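>>> Here is a sequence together with a model predicted from it:
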Amino acid sequence: MRTDTLSIFGCSVLRSGATLLASALLATTAAADRVWVVDDDGGQGTDFVDVQPALNAAVDGDLVLVRPGLYSGFELVGKSVSIAADIDGASIVLGSSAVRDLPAGRSASLRGLRIVGTGGSALELTDCAGIVWLEACVVRGDQGDGFLGSPTFHPDGHAGTSVEDCASAIFMRCTFEGGDGADFAPVFSTRGDGGDGVDAVGTRVTSYECVFIGGDGGSVASALVADDGGTGGLGLALDAGYAMASDCRFEGGVGGIGGLVPGTPATCGAGGDGGDALGQHAPATGPVDVRLLACTFSPGAPGPGFDPPTCPAGSPGNSTALVFGSIDGLVGQPVSHRAASPVRAGQPITFTIGGEPGAFVVLGVAAGPADLFVPDFNGSLVLDANAFVLFPGFVGLDGALTSTWPGGVAVAPGTALTVHTQPALFVASTLSLTVGSGSWLTILDPNL
């Protein structure tokens, strides 16, 4: 069996063979000091029944494994700790959560969580000098609370994720939804605007295969008040930062219904404007640099007047609208990728890769993430410099490659091995190389 290596783009490349993934994993994995098991039912092997106590106990390098269930919001402050759902989408966090103050040179990863905000953004990433990695997460901000006198009065919908002053936020196969604005109710409630899917300020954002959805504007829909309907939220709002997105969808929120006061003539409020799919709120505080590959845009539809055609509709949103900055398009076909995770030691490890039929595939494996835009690669390298590269094969005529490798890696009791992976596809007809989305793979002690 061949186990020799060669070099491609400065990385060590392992030729195809049954034991080579194990060799790459042993050379590149970061071993978790400990796995903390969270289970709201308190099942066998449980350390905690909620996420926050596990984060309090964890130290740098630890992994928090969250079994299916319902959990409270959490804060991860200043620690290089990873949080993974045992089954993608089956661990639901009801409560606003945050990652803050991550030191430079460290990373924190979240995978497979559904986070629903209560009284704010679902997830806040703030003052992180290290890399924050989100994968396969669904994040929705809370709807607006327009009730007068409410202790949580905030008519506007909240952002799905709020990111401020972070060196690098990497999003892989995530969905972000802004909350809807509050509706008007006579005497009781005022209307609000929709929240942004993601609101990022002073941050570098790298996204692959993500969906960004702005919340809908609240409606007046009343013959008592001549106010405009609420404005739809932005799918992705950027300011004073950078964004690279590949194979992402951006949707602006729908404008709310306006109001009117009857009379001759009637006094009208217009329908709310639709939200921009990708844009920048005014006033802008700094320029935005955006690079896009094969992304789609759905501007928010305008809200109608209360009594059309008596009262006018709002204006539709824009596909892209920057106050201060530039947008550059990248050329090529996007590359999708997913590592099935977590797996237990001894189980097969499966990677799914999609792209140009017939393309040559290399798969990078590294202990940790990075974030480096490379124009010649039509995207961003998200693996650290000490990556190994495997050759799993060629993309099939259906545009997909599923590669399954033996899971012959030993894992110490109560621990896990973690790696980050990213494919690159070489298309001979165009002599082009395109990097794809990254995926975070966790191999657990089989007894966890």
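That came in fine, so what should we check first?
>>> contacts, neighbours, all on C-alpha from now
Noted.
>>> Need the three-state assignment for the residue lying farthest from the centre of the chain.
For the chain, the C-alpha farthest from the mean C-alpha position belongs to residue 264; by Cα atoms, centre = their mean, that distance is 50.8 Å. At residue 264 the chain is in coil, as set by DSSP: H, G, I helix; E, B strand; the rest coil.
>>> For it, report the pLDDT, please.
Looking at residue 264, its pLDDT reads 80.
>>> Relative to residue 310, how far out is it?
11 Å (Cα to Cα, to the nearest Å).
>>> do the same with residue 198
35 Å.
>>> higher neighbour count, these two?
residue 198 (32 against 14; other Cα atoms under 10 Å).
>>> Looking at strand pairing, list the partners for that one.
residue 161, residue 236 (DSSP bridges).
>>> Hmm, it is touching residue 235, no?
Yes. Between residue 198 and residue 235 there is a contact at 6.6 Å, judged by Cα atoms under 8 Å.
>>> Report the set of residues contacting both of these two.
177-178, 212 (Cα atoms under 8 Å, 6 or more residues apart in numbering).
>>> Let me know whether residue 196 touches residue 213 as I believe.
Yes. Counting by Cα under 8 Å, residue 196 does reach residue 213; the two are 7.1 Å apart.
>>> hey, what's in contact with both of those two?
What both residue 196 and residue 213 touch, as defined by Cα under 8 Å, 6+ apart, is the set 177-178, 233-236.
>>> Only whichever of these are buried, select them in ChimeraX.
Selection of buried members from the shared contacts of residue 196 and residue 213 for ChimeraX, criterion 16 or more other Cα atoms under 10 Å:
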select :177,178,233,234,235,236
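>>> nearest to residue 187, of the shared contacts of residue 196 and residue 213?
The shortest approach to residue 187 among the shared contacts of residue 196 and residue 213 belongs to residue 233, at 25.3 Å (Cα to Cα).
>>> Help me confirm that that closest one is found in a helix?
No. Assigned with three-state DSSP, residue 233 falls outside any helix and is coil.
>>> Secondary structure element for residue 64, which one?
Here residue 64 sits within strand 63-66, counting by DSSP states H and E.
>>> Show residues contacting that strand.
By Cα under 8 Å, 6+ apart, strand 63-66 touches 32-39, 51, 54-55, 58, 81-86, 91, 416.
>>> picking up where we left off before, between residue 196 and residue 213, who's got more neighbours?
Using other Cα under 10 Å, the more surrounded residue of residue 196 and residue 213 is residue 196, with 40 against 35.
>>> can you tell me the helix or strand for that one?
Per DSSP H and E, residue 196 falls between elements, in no helix or strand.
>>> Relative to residue 146, how far out is it?
In terms of Cα to Cα, residue 196 sits 17 Å off from residue 146.
>>> Check residue 45 too.
44 Å.
>>> The two: who's more crowded?
Higher neighbour count among residue 45 and residue 146: residue 146, with 24 against 13, using other Cα under 10 Å.
>>> Mind checking which of the contacts of strand 63-66 are in strands?
Those of those mapping onto strands are 35-38, 82-85, 91, 416, per DSSP state E.
>>> Among those, which pair sits farthest apart?
Longest span within those, Cα to Cα: 91 and 416, 19.3 Å.
>>> In terms of neighbours, single out the busier of these two.
A count of neighbours by other Cα under 10 Å puts residue 416 above the other of residue 91 and residue 416, at 27 against 23.
>>> tell me the contacts of the more buried one?
31-35, 63, 442-445.
>>> repeat for residue 34
Under the contact definition (Cα under 8 Å, 6+ apart), the residues listed for residue 34 are 61-63, 414-416.
>>> next one: residue 320
276-279.
>>> Just the buried residues from those residues, in ChimeraX please.
This is the ChimeraX syntax for the buried subset of the contacts of residue 320, where burial follows 16+ other Cα under 10 Å:
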select :276,277,278,279
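>>> any chance of the contacts of residue 320 in TSV, plus pLDDT?
Listed next are these as TSV, based on pLDDT from 0 to 100:
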residue	pLDDT
276	99
277	99
278	99
279	98
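>>> circling back to that earlier point, which members of the contacts of strand 63-66 are classed as buried?
Applying 16+ other Cα under 10 Å to those flags 32-39, 51, 54-55, 58, 81-86, 91, 416 as buried.
>>> I'd say residue 125 and residue 98 touch.
Yes. If you go by Cα under 8 Å, residue 125 and residue 98 touch, sitting 5.8 Å apart.
>>> who has more neighbours, these two?
residue 125 (23 against 18).
>>> who touches whatever helix or strand that one lives in?
Counting by DSSP H and E, the element that carries residue 125 is strand 123-126. Contacting residues not belonging to strand 123-126 are listed as 96-101, 115, 117, 139, 141, 160-166 [Cα under 8 Å, 6+ apart].
>>> For residue 108, give me its contacts.
79-82, 102, 130-133 are the contacts of residue 108 under Cα under 8 Å, 6+ apart.
>>> The strand or helix carrying it: partners in the sheet, and parallel or antiparallel?
Residue 108 belongs to strand 107-111 when assigned by DSSP H and E. Take DSSP bridges as the rule and strand 107-111 pairs in its sheet with strand 82-85 (parallel), strand 131-135 (parallel).
>>> Please state the offset of the first one from the chain centre?
Distance, stretch centre to chain centre, for strand 82-85: 14 Å (Cα atoms, centre = their mean, to the nearest Å).
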